[in-house]
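J.: Whatever this is, show me its structure:
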Amino acid sequence: MILAYWCVLLTAFMPVMWVGVAKFMGPKKMGLKGNHNPREWLEQQSGAQKRAYWAQLNSFEAFPPFAAGVIIAVIAGGAVAAINTLAIAFLVLRFIYGLCYIADLASLRSLVWFGAVACTVALFIVAAMA
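T.: Prediction:
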């Protein structure tokens, strides 16, 4: 199996990881009462917990083009080594992105975000060159 497929699976669950940080790792942990309206509860948080929630939302946004890029590159017959390398780089960069978001390292976060976007674009280039 192509390693990039596993990266797609892991990336699909990355939003769950970040919202878990937002709900259970901060000073105000979400209890049963907050679970009745979790989005409202998350919107009321601040600091690292709020940024973890935002990392979750951004992870949802980044996933579709990445997954499409992997699938299209494979279907087009792109070089598997290139596809795997780009997918691994994307996964690692998106993890670092979330950590930077939570730690409020805005400039580094933006740089890492750009790197992950470049990986997604590169997947489409691999497909086009196949």
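
J.: So which helix or strand of the protein has the lowest pLDDT on average?
T.: Least confident element among the helices and strands of the chain, by mean pLDDT, DSSP states H and E: helix 38-43 (a mean of 92).

J.: What is that helix packed up against?
T.: With contacts defined as 3 or more CB pairs under 8 Å, 6 or more residues apart in numbering; DSSP states H and E, the packing partners of helix 38-43 are helix 3-24, helix 47-75. Quick note: C-beta positions are derived from backbone N, CA and C, even for glycine.

J.: quick one: buried residues of the longest one?
T.: So the one you mean is helix 47-75. Neighbour counts using 16 or more other CB atoms under 10 Å place 48-56, 58-59, 62-63, 66-67, 69-74 of helix 47-75 among the buried residues.

J.: do the same with the shortest one
T.: The neighbour-count criterion (16+ other CB under 10 Å) identifies 4-5, 7-8, 11, 14-15, 17-19, 21-23 as the buried residues of helix 3-24.

J.: ok, of those, which one's closest to Trp41?
T.: Of all those, Lys23 has the smallest distance to Trp41: 8.0 Å, by CB to CB.

J.: Who are the contact partners of the closest one?
T.: 29-30, 34, 38, 42, 49 (CB atoms under 8 Å, 6 or more residues apart in numbering).

J.: got TSV for the residues you listed, with distance to Tyr97 too?
T.: Shown next, in TSV, are the contacts of Lys23 (distance: CB to CB, whole Å):
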residue	distance to Tyr97
Lys29	24
Met30	23
Gly34	26
Pro38	23
Leu42	19
Gln49	17
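
J.: Just the buried ones out of those, please.
T.: 30, 34, 42, 49.

J.: circling back: and Gly98, which of the helices and strands packed on helix 38-43 is closest to it?
T.: helix 47-75 (4.2 Å).

J.: got the angle between that closest one and helix 3-24?
T.: Angle between the axes of helix 47-75 and helix 3-24 is 160 degrees (criterion: axes from the mean of the first three to the mean of the last three CA atoms, to 10 degrees).

J.: how far out from the middle of the chain is the least confident helix or strand of the chain?
T.: 20 Å (CA atoms, centre = their mean, to the nearest Å).
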